[in-house]
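>>> Got a sequence here, can you model it:
(one chain, ligands or ions: 2)
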Amino acid sequence: MLHLKPKDAAVQNNPHTTLITQTAPVATNTHGGRAKCLQRLVRLDLPVPRTVALSFDTVHQIAMGELPDVGSVVDQFDRDALLCVRPSSQDADWGGPGAVLNIGMNDARFEGFAKTMGEGPAAALYTRFIQSYAINVARLDPDMFDHVSDEGRAGLEQTLAAYEEETEESFPQHRRVQLAAVLRSMARAWNGTSARLLREAKGAPADAGLGLVVQQMIFGVGAGQCGSGVLQLVDSDTGAPQVTGRYLGQSQGRDALEDREEALYLVRDPRGRSLEEELPEAFETLKSYAQLMRTRLRAEMQVEFAIDDGTVHILDGVRVARSSRAAVRIAVTLAEDGVIPREEALMRVQPRLLTELLHRQIDPTVARDVIGRGIAASPGAATGTLVFDAAAAQAAASRGEPCILVRRETSSEDVRGMHAANGVLTERGGITSHAAVIGRGIGLPCVVGASSLTFNLRDRTLTSKDGRVFGVGDAITLDGSTGQIMAGAATLQEAALDDYFRTLMRWAADSADIGVRANADTPDDAQTARNFDAEGIGLCRTEHMFFDPGRLTVMREMIFANTSDGRRAVLERLLPMQRDDFKQLFGIMRGMPVCIRLFDPPLHEFLPVDRDGQRELAEALGLPRSDVTRRIEAMREYNPMLGLRGVRLGITVPEIYEMQARAIFEATVEVARAGDTVVPEIMIPLVSARREVELVKSAIDAVASSVRSETGIAFDYRLGVMVETPRAALRAAEIAPHCAFLSFGTNDLTQMTYGLSRDDAGRFMSDYVQQGVFDEDPFHTLDHDGVGELLRLGAERGRGAKPDITLSVCGEHGGNPESIAYCRAAGFDYVSCSPFRVPVARLAAAQLAI
Ligand code: PEP
Ligand code: MG
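Ligands and ions are numbered 1, 2, ... in the order given. Next up, the predicted model:
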């Protein structure tokens, strides 16, 4: 227990040392988190041994050799107290040098302790100190003590001899000298290059400081009931209430956590022994301390304790280590118990952690046999046998065999195979490539741009850098959250969407002030969007509805029709299918807004690329193969993404948009007949000129009028424009008056602003980021300076011309927390992202509003 001595006040004035008392000036940003936490424990009147904190400045001076005297520290403690030193960085995750225990042990103390606690325990204390001093302070090789096999006095003598032989000095006997050396070496270790790089990788600033805490040792060894351990009130994996931890009699520090046969569990020891049963009083005391820490420190804490002759001491408290799932449950439970407000619970969960809950993960305890890596394009883990085309993926799925689809890159023709596969791996592509976008949309784990593997698609093999070859039928595992590719089928853990997750999401929805919709193309996607409480569909990419084998053939017939009437006739057959698509979406979304984008990609994406496909198409259309080949050749474009697609198709081949508009309106009428009101939103892609909007608008208006008069049912619709070209953003003022909303398609807008192909950028993006050309992949995190300026400018000009216009983002950035912050600041009404990213976006949005 802390006792203030008369000299304490004077010592507190020393600029270098601060005795931790209830009122001492100790702060996380000057003395580190551990020092601050210990002060909180002192304020709770918990039995914390006497502790002195050294500030970041002091430790820095020690590292520079400017503070050789440690008198002001040792003077704080009784003459014969042993001491320990632990690191105290601002954020515990930034690490720090290992703790050194038992400072002050020497030959004389050993002889003294041998009399009071027995020779064995006394020798163990001293030996341990010499070894840790040798390794941490004298920087000797830990292996040098390997030959010391004896315990007790003999082992101690061998250890001392080894130390003295290696250093050619006798082991220091003065506590002051030992402490000065320990402090100096810990201070210097913090400045080492590897320690610095490690903490910077965890987000520490370059000038992050280290504090140190010097604490009086509670031995944990000796006469009576002695030992040490850790205790926490929740399970680290699930967050469920469960007293967990370990205790080891006659031990110090974190010894109990090492895999020691004699260590006790705290409760329900599988061997029928536990601290609860063996030391019930100490157990109850500890539990009550932990409960007090939970409510007063407002966090689940792991308590580090020592028992000395039956008396419990609290040495330290750290936030309980936790899985993502446990993080959610802990935050929600603390709020439900009234320990923290809901807003704080929302702030305590990092949005990105939720991604782990929404998808299967590789069991973290299994070793990974990594054979290559690529861009982590769609999160979650998948295992399966290798297949190299969509048909093989479908065949595997029909046999109930999980498979991983491997392609150079994917295209529309692969979508069916992607639905059938458990994961997708591509050689090329970046974060907004076809495989990535579809993968995220349907929650399919996906790694793209995996150029560290050699893809031999003709032989249907993958070769790793170390020469291992994987072919059809071999099992691999993808980690779409890290981009790793592994040999074999790793053990997976299921997604964890429990009640705590749902509660957190409900609170997030209450707090957020920017809407979150989902990009959903199919009824399945829409259902997922609803399950995650999306506030509507912000982008339905209708072209994905045409990949179904039945429809694909009709689509191809339409493309091959020579006249407008011929096209109309074929589209008539697609109309009922599209109408049914939209009816289903409206039904699932139950009155929530559904924003349907008219057909966008270049038509040739729907045509077969290989000879076999072309022959089949020729047969289906009853045309000579040469005709088919010639037509396909004629449609080839040098730059298809900048060619005849989007609204350009809408204007030059108007029959497609007319059919789609009719399907939307007829679905609206059918829903209205069933008593529900839907106001569909229709969105025009790839606009760059006002006149494009005028032309498409008048064509759609005409379809709306026909459907109204044919059916006798009135309905409204909202027309919107996708801002995906820089020109659309610049000319937003003249476009806005013609539409109800502007939705920024930041995938294409990024591609066009940088003049950088979204499908090819993956090949060199990591070089660009590594060399600091780009801070981050702009297809992943919105480029605030360039693309962001276009967004702001488009929003301002659009709003200037039409103040009540709705503004949104529907590119992949819509699910990225930093990009959401940017859109919110620019006054956007909502973001729309893949259904599986809705929870991440929702929590990020809530945190911005709090
Ligand atoms: C975009 O370009 O941002 C967009 C949403 O459309 P797509 O990704 O379908 O091109
Ligand atoms: Mg686009």
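>>> Tell me which helix or strand the residue in the chain positioned nearest to ligand 2 sits in.
Closest residue of the chain to ligand 2, CB to the ion: Asp748 (3.6 Å). Backbone N, C-alpha and C define where each C-beta goes, glycine included. Per DSSP states H and E, Asp748 falls inside helix 746-754.
>>> okay, that helix in CSV with CA atoms only?
Presented in CSV, the C-alpha positions along helix 746-754 are these (Å, rounded to 0.1, in the frame of the first residue of the first chain):
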residue,chain,number,x,y,z
THR,A,746,-15.2,8.1,-57.6
ASN,A,747,-13.8,4.9,-59.3
ASP,A,748,-14.0,6.3,-62.8
LEU,A,749,-13.4,9.9,-61.5
THR,A,750,-10.1,8.8,-59.9
GLN,A,751,-9.2,6.9,-63.1
MET,A,752,-9.9,9.9,-65.3
THR,A,753,-8.4,12.5,-63.0
TYR,A,754,-5.1,10.7,-62.8
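>>> Please report the average pLDDT across the helix or strand following it, rounded to a whole number.
As assigned by DSSP H and E, the chain's next helix or strand after helix 746-754 is helix 762-770. For helix 762-770, the mean per-residue pLDDT is 86.
>>> Need the residues that contact helix 762-770.
374-375, 428-431, 433, 448-449, 451, 774-777, 779 (CB atoms under 8 Å, 6 or more residues apart in numbering).
>>> Which one (most neighbours) among those?
With neighbours defined as other CB atoms under 10 Å, the most crowded of those is Val448; it has 31 neighbours.
>>> measure it to Arg408 for me?
Val448 is 11 Å from Arg408, where distance means CB to CB, to the nearest Å.
>>> Who are the contact partners of the residue of the chain closest to ligand 2?
Counting by CB under 8 Å, 6+ apart, Asp748 has contacts 641, 686, 724-725, 758, 811.
>>> Overlap of the contact sets of Val448 and Arg408?
Residues touching both Val448 and Arg408 (CB under 8 Å, 6+ apart) are 426, 428.
>>> one step back: and the two most separated of the contacts of helix 762-770?
Between any two of those, the greatest separation by CB to CB is 23.5 Å, found for Arg428 and Asp775.
>>> which element follows the helix or strand that contains Glu111 toward the C-terminus?
Glu111 belongs to helix 107-117 when assigned by DSSP H and E. Sequence order places helix 119-136 as the next helix or strand after helix 107-117, per DSSP H and E.
>>> circling back: export the contacts of Asp748 to a markdown table and tack on pLDDT and neighbour count?
What follows is the contacts of Asp748, written out as a markdown table (pLDDT from 0 to 100; neighbours: other CB atoms under 10 Å):
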| residue | pLDDT | neighbour count |
| --- | --- | --- |
| Met641 | 89 | 16 |
| Leu686 | 98 | 26 |
| Glu724 | 98 | 27 |
| Thr725 | 98 | 24 |
| Arg758 | 88 | 25 |
| Gly811 | 94 | 30 |
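>>> and the residues you listed near ligand 2, which?
Among the contacts of Asp748, the ones lying near ligand 2 by CB under 5 Å from the ion are Glu724.
>>> got a markdown table for the contacts of Asp748, with secondary structure too?
A markdown table is the format used below for the contacts of Asp748 (DSSP: H, G, I helix; E, B strand; the rest coil):
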| residue | secondary structure |
| --- | --- |
| Met641 | helix |
| Leu686 | coil |
| Glu724 | coil |
| Thr725 | coil |
| Arg758 | coil |
| Gly811 | coil |
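>>> Identify, from the contacts of Asp748, the entry nearest to Val318.
Closest to Val318, out of all of the contacts of Asp748 and judged by CB to CB, is Gly811, at 40.5 Å.
>>> before we move on, back to that, quick one: the helix holding Glu111 to helix 119-136, angle?
Computed by axes from the mean of the first three to the mean of the last three CA atoms, to 10 degrees, the angle separating helix 107-117 from helix 119-136 equals 140 degrees.
>>> Sticking with the residue lying closest to Phe546 once chain neighbours are set aside, tell me its helix or strand.
Leaving aside its sequence neighbours, Phe546 sits nearest to Met555 (CB to CB, 6 or more residues apart in numbering; 4.8 Å). Secondary-structure assignment from DSSP H and E places Met555 in helix 549-560.
>>> Listing request: residues of the chain with sub-threshold pLDDT.
The model of the chain has pLDDT under 70 over residues 1-14, 68, 259-260, 269-271.
>>> re earlier: which of the contacts of helix 762-770 fall within helices?
Using DSSP state H, no member of these falls in helices.
>>> pretty sure Leu603 contacts Leu649?
Yes: taking contacts as CB atoms under 8 Å, Leu603 lies within contact range of Leu649: 6.9 Å.
>>> circling back: contacts with ligand 1 among the contacts of helix 762-770, please.
The subset of these within reach of ligand 1, by CB under 6 Å from any ligand atom, is empty.
>>> Take these and keep only those in strands.
Among the contacts of helix 762-770, DSSP state E puts 375, 448 in strands.
>>> Return the member of the contacts of helix 762-770 nearest to Glu169.
Closest to Glu169, out of all of the contacts of helix 762-770 and judged by CB to CB, is Asp775, at 50.4 Å.
>>> Provide a list of residues in contact with that closest one.
By CB under 8 Å, 6+ apart, the contact list for Asp775 reads 769, 781.
>>> tell me the phi and psi of it?
Asp775 adopts backbone torsions of phi -60, psi -40, taken as degrees, to the nearest 10.
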